[in-house]
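Provided below for reference: sequence and predicted model.
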Amino acid sequence: MKIWNEAKECMSRDELSVLQGERLKKQVNYVYHNVEYYRKKMQKVGLEPGDIRGLEDLEKLPFTTKDDLRDTYPFGLFAAPQSEIVRIHASSGTTGKATVVGYTRRDIEIWSECVTRALTQCGVGKNDIVQVAYGYGLFTGGLGAHYGVENAGATVVPMSTGNTKKLITMMKDFNATAIMCTPSYLLHIAETLEESGDINNIKLHAAICGAEPWTEKMRQQIEEKLHVNCFDIYGLSEIMGPGVACDCIYHKGLHVQEDHFLPEIVSRDTLKAIPDGELGELVFTTLTKEGIPLIRYRTKDLTSIDRTPCECGRTTARIARFKGRSDDMLVLRGVNVFPSQIEAALLEMDGILPHYMIVVDRVNNLDTIEVQVEVEERFFSDEIKELEKLTKRIEGVIKTAIGLAVKVKLVEPKTLARAEGKSVHVVDNRVFD
Ligand SMILES: [Zn+2]
């Protein structure tokens, strides 16, 4: 099977380490001289660019977190002047303040190349017609995938989200051969195709899915229902967007585009490097970014790494399917949700006790969210109608806060379990193995 950039994707691990070391030195020097925030951060721990001589010095560098992006909102971590920034993307954060990222023309070119490499891994090339059904807009999914498809020379159909009927009509009429979207949406599409009896009238051979946690079982379900090869693509806007890593036909982990993004797996407790194969937090250092380079960015995603060669011929490291996150962020139907957002919304309301529980489950491949809320005794002596009214009001307030519909269940005082020490507000019954 074709490899898009053999020179970079199949180099020996030794050659790759040398390249990564060189690029790391350059990137550190670049942020030190162009981002005041980073310069101060390095000075605080007594570091100068010259102290980083290669990969062996990586651990000396301080971590970057989402808080750093929030503290410097909107453009404080940009290393390139505004005149060089050709695009902005943003994702939602805990406090409503967005995380903003900027790209130079070269950043966009590299991003496109990374997505093209991923598509090639999935057997998609210039003869394919690819429907991109990620959201287009501030979210990196739509445009990120779009540019990669064009760069591969394939035909892109920019569907975006929201109109399944039109998507299916065009899938049939255009003889679309590949689709990129969230896995839960693709299963919804598959079910709609089954119901209409059109499941055998489509020509899809590849589905490239990501942007939300999903299971190996879901991947196989998609393959069976749609008779396609289904692949897992990973990315995060802080580092680039989709295409940071992607599955290959052997499905033994996601190949990281290591000449551009340096991965580390660190212990959740000590934040020190742990051996390959062990579960820890994924950390990325960008190696070629110009717009907003990030040093040792903590993704909070939990995974393990495998640097042994893959059967597909690529030598790049592979990260395992994600096992969850090391903070309390939930990814629900592709949307990032922090329990603190729900808590803040509840606290604004009268008669609500400070006890609540978010119960997340997955029914028919869709995330369901129930928020159990303790309310004052007096509500239960009122008419049922009043209770229903309050339920609707709370559902409305939470929907405004997180942008997702939830089911609210009111419970009497002291019903919900009280945890010792750190209170537990989330029960996640979804399985991501
Ligand atoms: Zn492979």
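Cool, the structure landed.

who's in contact with whichever residue of the stretch 101-250 of the chain sits closest to the ion?
Nearest to the ion in the stretch 101-250 of the chain, going by CB to the ion, is residue 248, at a distance of 3.3 Å. Every residue, glycine included, has its C-beta placed from N, CA and C. Counting by CB atoms under 8 Å, 6 or more residues apart in numbering, residue 248 touches 121-122, 231, 255, 310, 312, 314.

run the last query once more with 6 Å
121, 255, 312 (CB atoms under 6 Å, 6 or more residues apart in numbering).

Find the nearest non-adjacent residue to the last one, please.
The spatially closest residue to residue 312, leaving aside those adjacent along the chain, is residue 248, at 4.5 Å (CB to CB, 6 or more residues apart in numbering).

Any chance of the backbone angles for the one you found?
phi -120, psi -180 (degrees, to the nearest 10).

Count the neighbours of residue 378 for me.
Neighbour count for residue 378, taken as other CB atoms under 10 Å: 9.

how much space between it and residue 331?
Counting by CB to CB, to the nearest Å, the gap from residue 378 to residue 331 is 37 Å.

Likewise for residue 367?
From residue 367 to residue 331 the distance is 9 Å (CB to CB).

Longest helix in this structure, by number of residues?
Among the segments of the chain that qualify as a helix by DSSP state H, the longest is helix 13-34.

for it, which positions count as buried?
16, 20-21, 23-25, 27-28, 30-32 (16 or more other CB atoms under 10 Å).

List the contacts of that helix.
Residues from elsewhere that reach helix 13-34 (CB under 6 Å, 6+ apart): 38-39, 49, 52, 54-55, 79, 262, 287, 293.

These in strands, which ones?
residue 262 (DSSP state E).

Need the residues that contact stretch 219-235.
Counting by CB under 6 Å, 6+ apart, 118, 122, 186, 190, 204-208, 210, 241-247, 254 sit against stretch 219-235.

Now, the residues you listed that are in strands?
Among those, the members found in strands (DSSP E) are 206-208, 210, 241-247, 254.

before we move on, back to that, also near the ion: which of the contacts of residue 248, exactly?
Filtering the contacts of residue 248 for neighbours of the ion using CB under 5 Å from the ion leaves residue 312.

Residue numbers of the protein in contact with the ion?
248, 310, 312, 314.

if we go to 8 Å?
Contact residues, the chain versus the ion (CB under 8 Å from the ion): 121, 248-250, 252-253, 255, 310-314, 318.

Among those, which pair sits farthest apart?
Pairwise distances across these (CB to CB) peak at 14.6 Å, for the pair 253 and 313.

Neighbour count for these two, which is higher?
Neighbour count, other CB under 10 Å: between residue 253 and residue 313, residue 253 has more, with 21 against 12.

what residues are up against that one?
306, 318-320.

Next up, phi/psi of it, please.
Here is the backbone geometry of residue 253 (degrees, to the nearest 10): phi 110, psi 170.

In space, what's closest to it - neighbours in sequence excluded?
Nearest to residue 253 is residue 318, by CB to CB, 6+ apart, at 3.0 Å.

just residue 206 next, same as before
In space, and not counting its chain neighbours, residue 206 is closest to residue 178: 4.3 Å by CB to CB, 6+ apart.

How about residue 283?
Distances taken as CB to CB, 6+ apart put residue 264 closest to residue 283, at 4.3 Å, once the chain neighbours are dropped.

Quick check: that neighbour vs the ion, distance?
When distance is defined by CB to the ion, to the nearest Å, residue 264 is 21 Å away from the ion.

Doesn't that residue belong to a strand?
Yes: according to DSSP: H, G, I helix; E, B strand; the rest coil, residue 264 belongs to a strand.

number of nearby residues for it?
Residues near residue 264, counting by other CB under 10 Å, number 21.

Then residue 172?
15.

tell me which element it falls in.
helix 164-173 (DSSP states H and E).

which parts of that helix are buried?
Buried positions in helix 164-173, judged by neighbour count with 16+ other CB under 10 Å: 167-168, 170-171.
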